[in-house]
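**Q** Quick check, what structure comes out for this input:
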Amino acid sequence: MARHGAGTPFLLQLSLLLLLHLGGEWGTLGCASVAVGSSVVPLGSAVTASCTIQRELCHGLEQGNVRISWMLDSKFVAGSQHKGPGGTEVSNLTLPRFNRTQARLWCCVEWNGTKQRVGMAEIRAGYPPAKPLNLSCVLNLSDYGLTCQWEQGTDSHLPTSIVLKCARPRAHCSVCHRDRAQAVTGCTPQGGHSHCTVPRRLLQLYRQMEIWVSATNALGTAESEHLCIDPMDVVKLDPPTLQSIQSIPFQTDCIALAWDVAQGTEHMELQCELRYRAPEDPAWALVTGIIGRAGTAQRCGFLFGTQYHFQMRCRRSSASALAHWSEWSPGRNYTTHEKAPTGKLDAWWGAQPAGAGGRLEVQLRWKAPRQREANGRVLGYRVTLSPRRRGRDPPTICNTTHTQCNFSVPAGTRRLYLSAYNAAGESAPTEVVLLERKGQPLAGLRAVPGGEESLWVHWEAPLAPVVAYVLEWQRVTAEPEHCSSCWQMERDGAATAALIQDGIEPFQRYNISLYPLYKGTVGLPIHTTAYSQQKAPSHAPKLHLKRISKSEAELCWEPLPVEMQNGFITSYTIFWANSNTDVASATVNPSLSSFVIRGLKPSTLYKVHIMASTAAGGTNGTSLTLVTTVLDDTEIQFLFLTLGLVFVLLMVLLICFQKNERMKEQLWPSVPDPANSSLGKWVPAAVPQEPFQVLASREPGPAAISTVTVLEGAPGKQPGREPPALPAALPALPRPYVRQEGPGEPVQYARVGGEGYRGQRLLPEPPPRFYENLRGRGDGGGVGDWGFPEEPLATFPLLQGLRIGGAEELHECRAD
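**A** Numbering: from 1, shown residues only. This is a model prediction of the structure:
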């Protein structure tokens, strides 16, 4: 029972969903029905609907209250509910403005806590069909089908049926729409197109027919304007054929043209048009009113020596204004006869002395004559010093096919004569007066872009009357170049502006000069520079590090080449940042090429780059990495100076240390010479021979010296260079040195080994006195204070390392 009770609501819900039935304007569930006022309504109008619920037919709703609600697509809308006849529940709904082109309106009942859809009506909204416009028809001679086309009106948002209808009027065409035969459907457009073709079987040629377009939908019908035409009036013929074109011999500015009609139109009376133009003409010249089936036509006013392109087209002459022209015929070219050039040439010159030869160097430039004045192809130009008179040709100083010539003339020449010639003859000479350039210059000059490839030049008119103006312009490049054709003459002396179009390119700088031409003189030029269009520079300058310290860095760069600037440089911007991403910048005047960054941190890495800017944008350069120093230059100089002073002080102390006698005595003690001592006064003459003893120890210490052996040092040996070595054998017995104290009383005071001292001499006999410790000069050589040659300490190898006592020691030895 529990399971059955739980499943009952689900079965009832399922039964309600299965009983839902949809159809037309009524959506029913057996117990519910939905009715709307109209299933198609004008867009924005009101919509009314009602939903009726029959309680006894809805299982599960026999008892309890029935609550009806509405949904427009998925949006709930409120309606009113009341009791209907026969125990029904009725809900009415009114939508004051239906703004959807298509929607579904649902009727819902609340059952088991949910809203269930029990009925539905579909509503569409739109507009009545729009009137088709610009109906036109063309009869094709190949199959004689009438093709008509039109323009659709605004979208009605509703299914619309469009047909092309035609009928034969019973009276005059002006009243055909009032009294006409039964209309028939001529054709129906396919695929949503706005054109279709009426077959030949439905047409009546050479008779009036009424044709119109009808558009119909659920809200109404609209028709286009009615056409009352003879299908032959709207026929489109094949183009004619141009047979030949010739100049009339005696009138070279006129031509005669022969033409023929297309096949199949020989029996028709035609109206034709001719058009032509030269290659440099911007538009066609049109000749109308050519009537006939075939034949010739004449036309005058053509330029001499000019190539023209001719085309022709035709239509039925009896056709109405709705008739169609044929396509233009294939073109045909023809060149008219030539004639000698006419008119004056615009000339400009420059002159300067040609050194000491009494000549004048002249650069003459001129503009080629316009086609109307050239009268053909110009073959060349001639410059003479005098005009041609009575068939006599003056000497030619320049004959060229270019529009400039450089030549020299005698000094004082003031007039030249310039002429152009073609195959038919030579023009009248143009007089060129070489005026001096010393007139008053203009007060102001400026240039502004006139387009990507043009410049407008404006100036202030001077007070003096001006005959003409000459404009010169040159592109600014790293390597100067000269453009011989970059100039123009303004013949209007009252003009204050001119447009330059020849040779102007965007992103290029131009120097512009303006000369006023006065009567009898040429004014001094005034200059300006301009761009027709600017953009960001192509590159930025490359930064170089010029100087760096612990808090500053000086940068420099080379100015950009003018070809890479693409505009006027307005500023340079320097950006720098350290590893902590502290970014700073500074704007630099474009006239400068260096900059000093201040306030940097010592011993810090920075990345620096430069941006060059014009009025149209900026371009960044490559990054430069630099590291600030720990010390400034002055601090480094002070440090080096201090170190230098310390070094000098150490050197002075070292020198003083070497020169100090006491220190020298401690390191290199002086050895007394026994020969000069007073020991010999009391030492007996016969001294017993003592055996020679080798010192067992080299440690210094006080000792009494009784025997001194002097050895001869090896030549070239330096004292103290080698360690002393013991002799291999004992030396021979030395001979004594004896000082005579009196006759027959020699006194022995020392023994000298080897040959003894060289240059030894006897000293005079001193009186008896205490021993004096006499020192040598200490220079390691020469004669000592005792009269004997001094030897270095290294001469006595056996005594090296033995400290010999001073006077006290010697005094102590004397007491013994």
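**Q** Return the set of buried residues in the host helix or strand of P516.
**A** Assigned by DSSP states H and E, P516 falls within strand 509-518. For strand 509-518, the neighbour count (16 or more other C-beta atoms under 10 Å) marks 509-510, 512, 514-518 as buried. Where you see a C-beta, it was placed from the backbone N, CA and C, and this is true even at glycine.
**Q** Next: stretch 408-420.
**A** 409, 416-420.
**Q** before we move on, what about stretch 324-344?
**A** Residues 324, 326, 329, 332, 334-341 are the ones in stretch 324-344 that count as buried (16+ other C-beta under 10 Å).
**Q** Now for those: which two are most distant?
**A** For those, the maximum inter-member distance is 46.1 Å, found between H324 and A340 (C-beta to C-beta).
**Q** Quick check: the gap between the nearest residue to G305 once chain neighbours are set aside and A215.
**A** The shortest distance from G305 to any non-neighbouring residue, by C-beta to C-beta, 6 or more residues apart in numbering, is to G376 (2.5 Å). To A215, G376 is 62 Å away according to C-beta to C-beta, to the nearest Å.
**Q** Would you verify that L345 is located in a strand?
**A** No: secondary structure of L345 (DSSP: H, G, I helix; E, B strand; the rest coil): coil, not part of a strand.
**Q** how about it, what does it touch?
**A** Residues in contact with L345 (C-beta atoms under 8 Å, 6 or more residues apart in numbering) are 366-367, 369, 418-420, 427, 430.
**Q** Restricted to helices, list those residues.
**A** Among the contacts of L345, DSSP state H puts none in helices.
**Q** which among the residues you listed gets closest to Y381?
**A** A420 (5.3 Å).
**Q** I'd assumed R370 was in contact with the closest one.
**A** No: counting by C-beta atoms under 8 Å, A420 stays clear of R370, with 11.4 Å between them.
**Q** Span of stretch 288-301 from start to end?
**A** Using C-alpha to C-alpha, to the nearest Å, the end-to-end distance of stretch 288-301 comes out at 15 Å.
**Q** in it, what's buried?
**A** 290, 294, 297, 299.
**Q** The third one should be in a strand, yeah?
**A** Yes: with three-state DSSP as the criterion, A297 is assigned to a strand.
**Q** wait, what's in contact with it?
**A** Neighbouring residues of A297 by C-beta under 8 Å, 6+ apart: 256-257, 259, 272, 274, 287, 290.
**Q** Same list as before, those that is, but in TSV and with secondary structure and pLDDT included.
**A** Converted to TSV, those look like this (DSSP: H, G, I helix; E, B strand; the rest coil; pLDDT from 0 to 100):
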residue	secondary structure	pLDDT
A256	strand	90
L257	strand	90
W259	strand	90
C272	strand	90
L274	strand	93
V287	strand	91
I290	strand	86
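**Q** Of those residues, which is the nearest to E210?
**A** Of the contacts of A297, the one sitting nearest to E210 (C-beta to C-beta) turns out to be C272, at 30.4 Å.
**Q** Count the residues that sit near that closest one.
**A** 26 (other C-beta atoms under 10 Å).
**Q** Please apply the same query to G84.
**A** By other C-beta under 10 Å, 14 other residues sit near G84.
**Q** residue contacts, it?
**A** Contacts of G84 (C-beta under 8 Å, 6+ apart): 52, 90.
**Q** Which parts of the stretch 501-650 of the chain are strands?
**A** Listed in chain order, the strands of the stretch 501-650 of the chain (DSSP state E, counting those that start in this stretch) span 509-518, 521-523, 526-531, 543-548, 552-557, 571-578, 583-588, 594-598, 605-614, 617-620, 624-627.
**Q** Likewise for the stretch 1-150 of the chain?
**A** Under the criterion DSSP E, counting those that start in this stretch, strands of the stretch 1-150 of the chain are mapped to 21-23, 26-28, 32-36, 40-42, 47-54, 68-72, 75-77, 80-83, 88-95, 102-111, 114-126, 133-140, 146-151.
**Q** The ones you listed: which one's closest to S549?
**A** Closest to S549 of those is strand 75-77 (C-beta to C-beta; 76.6 Å).
**Q** re earlier: any chance of the buried residues of strand 509-518 in TSV with distance to L237 as columns?
**A** Output for the buried residues of strand 509-518, formatted as TSV (distance: C-beta to C-beta, whole Å):
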residue	distance to L237
R509	58
Y510	55
I512	57
L514	58
Y515	60
P516	61
L517	59
Y518	64
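**Q** Tell me the one of those residues nearest V163?
**A** For the buried residues of strand 509-518, the minimum distance to V163 (C-beta to C-beta) is 66.0 Å, reached by Y510.
**Q** what's the neighbour count on the closest residue in space to that closest one that isn't next to it in sequence?
**A** Nearest residue to Y510, sequence neighbours excluded (C-beta to C-beta, 6+ apart): W473, at 4.9 Å. Using other C-beta under 10 Å, W473 is surrounded by 23 other residues.
**Q** show me what contacts W473?
**A** W473 touches 455, 483, 486-487, 500, 503-504, 510-513, counting by C-beta under 8 Å, 6+ apart.
**Q** So which of those residues is the closest to T252?
**A** Closest approach between the contacts of W473 and T252, by C-beta to C-beta: W487, at 34.1 Å.
**Q** check contacts around R200.
**A** 143-145.
**Q** ok, 6 Å please
**A** 144-145 (C-beta atoms under 6 Å, 6 or more residues apart in numbering).
**Q** what about the closest residue to K607 other than its chain neighbours, distance to Q116?
**A** Nearest residue to K607 in three dimensions, chain neighbours excluded: S623, at 5.0 Å (C-beta to C-beta, 6+ apart). As judged by C-beta to C-beta, S623 and Q116 stand 73 Å apart.
**Q** These two: which has the busier surroundings?
**A** Applying other C-beta under 10 Å to S623 and Q116 shows that Q116 carries more neighbours, namely 17 against 14.
**Q** who's the more buried one bridged to?
**A** Counting by DSSP bridges, Q116 is bridged to V109.
**Q** Next, work out how far apart it and L653 are.
**A** For Q116, the distance to L653 - C-beta to C-beta - is 117 Å.
**Q** What of H309?
**A** From H309 over to L653 the distance is 109 Å, taken as C-beta to C-beta.
**Q** Of these two, which one has the most company?
**A** Neighbours were counted for H309 and for L653 using other C-beta under 10 Å; H309 has more, 15 against 10.
**Q** does that one belong to a helix or a strand, and which?
**A** Assigned by DSSP H and E, H309 falls in strand 307-316.
**Q** Give me the buried positions along that strand.
**A** 308, 310-316.
**Q** Show me what the helix or strand just after that strand is packed against.
**A** Remark: after strand 307-316, the chain's next helix or strand is strand 332-335, criterion DSSP H and E. Other helices and strands packing on strand 332-335, by 3 or more C-beta pairs under 6 Å, 6 or more residues apart in numbering; DSSP states H and E, are strand 307-316.
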